[in-house]
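Undergrad: Would you be able to build a 3D model of this:
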Amino acid sequence: MKHLPNTDSISELAEFWQAHDLTDFDDELEEVTAPVFQQADRFQVRLSTRDARALRSKARQAQLSEGELLSQWAHERLGER
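TA: Just a heads-up that it's a prediction; the model follows:
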């Protein structure tokens, strides 16, 4: 019996759905009424050249984008995590 993949990888999901049909999984599907994707607010932040370089360096070390790192810092600072 086939099962739906349990992954968030876009490439793995694309490969799976290239080889399968949604109707093969009727028994595993469930209706979702809550929002699946919620858009986050966006902010523009002005940084000095020095701070921008430091941010890029720290983000690279953490293997995150600059935006992801800033978001992580905001969550930590605001106590939302």
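Undergrad: Mind jotting down where the helices sit in the chain?
TA: Secondary structure of the chain (DSSP state H): helices at 10-19, 49-62, 66-78.
Undergrad: so can I have a markdown table of those showing mean pLDDT, distance to residue 40 and mean neighbour count?
TA: C-beta here means a position set from N, CA and C on the backbone, and glycine is covered the same way. Supplementary listing: the helices of the chain in a markdown table, determined by pLDDT from 0 to 100; distance: least, C-beta to C-beta, whole Å; neighbours: other C-beta atoms under 10 Å:
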| stretch | mean pLDDT | distance to residue 40 | mean neighbour count |
| --- | --- | --- | --- |
| helix 10-19 | 91 | 19 | 10 |
| helix 49-62 | 97 | 18 | 12 |
| helix 66-78 | 93 | 8 | 13 |
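Undergrad: residues near residue 7, how many?
TA: By other C-beta atoms under 10 Å, the residues close to residue 7 number 10.
Undergrad: so who does it touch?
TA: residue 13 (C-beta atoms under 8 Å, 6 or more residues apart in numbering).
Undergrad: is it true that residue 28 touches residue 4?
TA: Yes. Look at residue 28 against residue 4 with C-beta atoms under 8 Å: they come within range, at 5.4 Å.
Undergrad: of these two, who's got more company?
TA: Under the neighbour definition other C-beta under 10 Å, residue 28 and residue 4 were set side by side, and residue 4 has more, 13 against 10.
Undergrad: give me every residue that touches that one.
TA: With C-beta under 8 Å, 6+ apart as the criterion, the residues that contact residue 4 are 25, 28.
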